[in-house]
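Student: Got a predicted model here, sequence first, then my questions.
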Amino acid sequence: MNQYGYVRVGGIRWQVKPNRRVTVAVAVCLVFVVGVFVVDPGTTPEPVSFEDTVQIGMSDAGMREAEFEGYEVPSAQVFYSQYSFVVGYTGLESFARNVGERRYERVWGVPTKAYVTDFSGTQPSPVGAGFVETSTDPEWTDASDARYVVGAGPVVAFSSEEDARLYADEYGGKVRGYTGVLETEFEEPDIEKAADEVIAGRSRTADEKVRKTHRLLSRNVSVVVGEEHETVQSAVDAAPPNSSVRVPEGVYREHVVVDKPVTLVGEGDARIVGYGNGTVVTVESDGVAVSSVSISGVGNATRGEPMRGGGWDETIQEAYGRSDAAVLFNETERALVHEVTVDTSTTGVLFSEVDDGVVAGTTVNGTEEWVNGFMGVLAIRSPVVVQNSTFNEGRDGVYSHASDGLVVRRNVMRDGRFGVHLMYTSETLIRRNEASGGAIAGIVIMTRPTSNYIVGNEVRDSRNGLSTVGSRSYFADNVLVNNTNGLRMGARASVFTRNVMLGNRYGASASTVLPSNEVTRNDFVRNEVQVTSAEGAMRVWGGNDDGNYWSNAPPGANVFRPTDRVDSSVTSTDGMVTFRRSTAYSLLHGLDTVVPGMRSGGVVDEDPLGKPAVYDRNTTEDTE
Amino acid sequence: MSGAQGGRTVLRRELLTVLRTRAYLALGVGYAAVVVGAAWFSGGAKGGYLPTASSLTTPTEILVPVVAFALGYRVVLTDRSTGELDVLRTYGLGRAEYVLSLYAGRLVALSVVLVAPLLVVGGLVWTQSGPTITVIAWHGGVDSPLLLARFAVLTVAFGAAVLSVAVAVSAVSGTVRTALALAVLVWVALALGADLGVIAGVVTESLGDEAVVWLTSLSPNTAFRGLVLETVVGVASGGVRATSVPASVLSLVLWTVAPLVVAVRKVWK
């Protein structure tokens, strides 16, 4: 028992007795305590199948085209420290732009591991539109060790420095390292700052198309139907090119083929009535306008052989692009439908591969039940302008397929399935349309397009107001009233600003699993449920004094959690405010926005606005 | 009886006391309920170990001192007022043995109270977190049970420091009333005072920016918070430091040792 040692510390005699059990216990504790801090909690993930990533970058149309042609799109897959899903980038430019951007870092954290497609040994050559042609499929390689060729078509990564040099020499690019490529400025303007310019630019292009086609209305009348020629067709046949054919009041039972540049102008109640099968007016020439007539007797077929086969979208063209129509423009330029009234059980105006096409001041009345009808205007690979027109019932007011550059403005859509329906269509301007009674939606965007500008539209009394997907798009100044779902935010890396969600059952749903949107200065006014969010991550909005207005937020709140039961009912349930202001509530939510990307759902607005950004009770009424 | 044997006797007695005191059991159960509840209702448990740890930081920082003070503020006082201390002294028990044994006994109890709920929370995260959408590749971000283990270690280290302060309070106080008043005073100073002082200094610009990172090591609360943000939450973020890790570790060590030295010196003359 005489094994004690004595240690003198601070004038006190400390007695130390070695005891094996205690020593072992203390040692184990120490190893544990030190160990948990020494061991790196991170693991190095292996690349996953690219289809399983949450993707951002190229549109579906681009991806499908690449797949159809057998091209590769240089891609990256990134594991972020605070985001539970693997992010896939189609196009290394979008990867380089996003890494280090503060608003993404805030939610996703920093990349802990990134892989890029390795073009070493695949004999790559750039083929435009962001595609690369190769002899074999590229594998994944560590992004931080790869070499990148910038400036020769899309950015391409190589695991071998020599392959990168050869590629750069052959196609005129520069070789960069990982940090080099991340620091490269890939030109893409800030969506919000450039918005006015983009809208003005697209409006100007549309104005130019309108001017160009409206000149067709000032042609001299060469033939009047009923004078020497009984039918519209014979009048057209007799008319010299670049003149007008006048169609006086009356009913003309016939189908017309216009194969020369003439303008049909109705006078009074001039009606062209088809036989109920096929297209009524078929245009096969550039420079044709149809004005001031009404057309009915359109056939019932909505499908047929594609007009131009062989592309990735052949089956889509077959299913949609061969519908019977009141007026069909097939691969013609300067095409105008002006102040025409159409009654149709299928399509009103069908454009196929038309650039300078315009529908203006026209009314299309479709079927009462949308399932029996088809599209008011159907644009297949046709960036046309549809303006000042009315679409009643039928399926979709305006349906577009692969019509990049489409402009739809100042139209009224009522009681169809969709007001505006964009498929594989990017770079549009959808502006100041009024849609109501949509069985499924007012304005709907599908198939992940990019750079769509949906601005100043009003949708009421529909199942969905504005339903979005895609990326790099701009959704501003839309008013969504009394819909089941106001705004569906499926789009990514986009801007949602100054929209008003009023009196909907669900004001908005943050539905994309990749929180990457700027959501600022929107007004959420008296929706039954202001906002819902998909699983995947907590959405943190605001943060730069530019949050959103929430009619149910308590005045003066500096953080508002619209998806939280307590916070969202503070202004409606007596007593809730007392618990909202409790220490317990603060304890629960004190640090909940620290790692939003690892949490499961919910919306937090860090800068709720004290008053609406745009909503004015006097100008926007909910029609209860 | 030798001093060392006396020390072990005191340690054993402390453990038995804690075990037999129903109020301490209630304290432990209550604390566990709050921690597990906070992990669940903050939404942290569904997210992963890291979000859970970040959600528990504030409740822990507020409650650990309460538990530690409850366990320690009158340990010496009770022995003094019941006369047990005089009896113990007749066995030749040294001041250091006495205080350290007392402290060690209470620390073991405190550690159990602090760690047990975190084990439950760990199990909760283990079963509840994971892919919410199965069609997309899920990797969970930088997350690991290790991060919750770090949090547990930091929680115990923080508790050890505050318990040490509590024992010192009980050693310097002449009456329970004084001890209680001192305990509350110290808790307020730690939980609010230190941070308020620094924030006031920053707002009035009487503190330079370069001082801020060092002031995070001043009180055990800020040292704990800083260490959690740096070594648990910080593994998933880039950017500025939350604290200086060595300085805050040193701070927690000093906050543990210094009050014990005071206690040893004041326990009897």
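Tutor: On my side now, so go ahead. Source: prediction; values computed, not measured. Numbers count the residues shown, from 1 in each chain, chains lettered A, B, ... in the order given.

Student: show me where pLDDT drops low in chain A?
Tutor: Across chain A, the ranges flagged by pLDDT under 70 are A:1-18, A:305-309, A:618-624.

Student: and the top helix by length along it, what other elements does it pack with?
Tutor: Counting by DSSP state H, the longest helix found in chain A is helix A:191-214. Packing partners of helix A:191-214 (3 or more CB pairs under 8 Å, 6 or more residues apart in numbering or on different chains; DSSP states H and E): strand A:335-338, strand A:357-360, strand A:385-387, strand A:407-409, strand A:429-431, strand A:453-455, strand A:474-476, strand A:495-497. C-beta: built from backbone N, CA, C; applies to glycine.

Student: Which positions within that helix qualify as buried?
Tutor: A:Ile191, A:Ala195, A:Val198, A:Ile199, A:Arg202, A:Ser203, A:Ala206, A:Lys209, A:Val210, A:Thr213 (16 or more other CB atoms under 10 Å in any protein chain shown).

Student: And those residues, which two are furthest apart?
Tutor: Greatest spacing in those, by CB to CB: A:Ile191 and A:Thr213 (30.6 Å).

Student: can you put the helices and strands packed on helix A:191-214 in JSON lines and add distance to A:Tyr506 and mean neighbour count?
Tutor: As requested, those are exported to JSON lines (distance: least, CB to CB, whole Å; neighbours: other CB atoms under 10 Å in any protein chain shown):
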{"stretch": "strand A:335-338", "distance to A:Tyr506": "37", "mean neighbour count": "29"}
{"stretch": "strand A:357-360", "distance to A:Tyr506": "33", "mean neighbour count": "26"}
{"stretch": "strand A:385-387", "distance to A:Tyr506": "29", "mean neighbour count": "26"}
{"stretch": "strand A:407-409", "distance to A:Tyr506": "25", "mean neighbour count": "25"}
{"stretch": "strand A:429-431", "distance to A:Tyr506": "22", "mean neighbour count": "25"}
{"stretch": "strand A:453-455", "distance to A:Tyr506": "19", "mean neighbour count": "24"}
{"stretch": "strand A:474-476", "distance to A:Tyr506": "16", "mean neighbour count": "24"}
{"stretch": "strand A:495-497", "distance to A:Tyr506": "15", "mean neighbour count": "23"}
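
Student: hang on, the earlier thing: what are the contacting residues of the longest helix of chain A?
Tutor: The contact list for helix A:191-214 (CB atoms under 8 Å, 6 or more residues apart in numbering or on different chains) reads A:289, A:334-336, A:338, A:356-358, A:360, A:384-385, A:387, A:405, A:407, A:409, A:427-429, A:431, A:451, A:453, A:455, A:472-474, A:476, A:494-495, A:497, A:518.

Student: Those residues also near chain B: which ones?
Tutor: Among the contacts of helix A:191-214, no residue is within reach of chain B (CB under 8 Å from any CB of the partner chain).

Student: So what's the residue count around residue 65?
Tutor: No chain was given, so I picked chain A. 21 (other CB atoms under 10 Å in any protein chain shown).

Student: could you do chain B instead?
Tutor: 25.

Student: how about it, phi and psi?
Tutor: Note on B:Pro65: backbone dihedrals following degrees, to the nearest 10 are phi -60, psi -40.

Student: ok, now A:Gly297?
Tutor: The phi/psi pair for A:Gly297 (degrees, to the nearest 10) is phi 70, psi 30.

Student: same thing with A:Ala326?
Tutor: Here is the backbone geometry of A:Ala326 (degrees, to the nearest 10): phi -70, psi -50.

Student: and if you look at A:Gly465?
Tutor: Per degrees, to the nearest 10, the backbone of A:Gly465 is at phi -80, psi -80.

Student: Quick check: nearest residue in space to it, chain neighbours excluded?
Tutor: Of all residues not flanking A:Gly465 in the chain, A:Leu480 sits nearest, at 3.4 Å (CB to CB, 6 or more residues apart in numbering or on different chains).

Student: could you say what helices and strands whichever strand or helix holds A:Val531 packs with?
Tutor: Using DSSP states H and E, the element containing A:Val531 is strand A:529-533. Packing partners of strand A:529-533 (3+ CB pairs under 8 Å, 6+ apart): strand A:506-510.

Student: now the angle between strand A:529-533 and the strand it packs on, please.
Tutor: Between strand A:506-510 and strand A:529-533, the angle comes out at 20 degrees (axes from the mean of the first three to the mean of the last three CA atoms, to 10 degrees).

Student: Count the residues that sit near the residue of the stretch 151-269 of chain B found nearest chain A.
Tutor: Using CB to the nearest CB, B:Ala236 is the residue of the stretch 151-269 of chain B that sits closest to chain A, at 3.9 Å. For B:Ala236, the neighbour count with other CB under 10 Å is 28.

Student: ok, now A:Val87?
Tutor: Should you count by other CB under 10 Å, A:Val87 turns out to have 26 residues around it.

Student: and stretch B:172-188 with chain A, contact?
Tutor: No. With CB under 8 Å from any CB as the criterion, chain A is not reached by stretch B:172-188; the gap is at least 14.0 Å.
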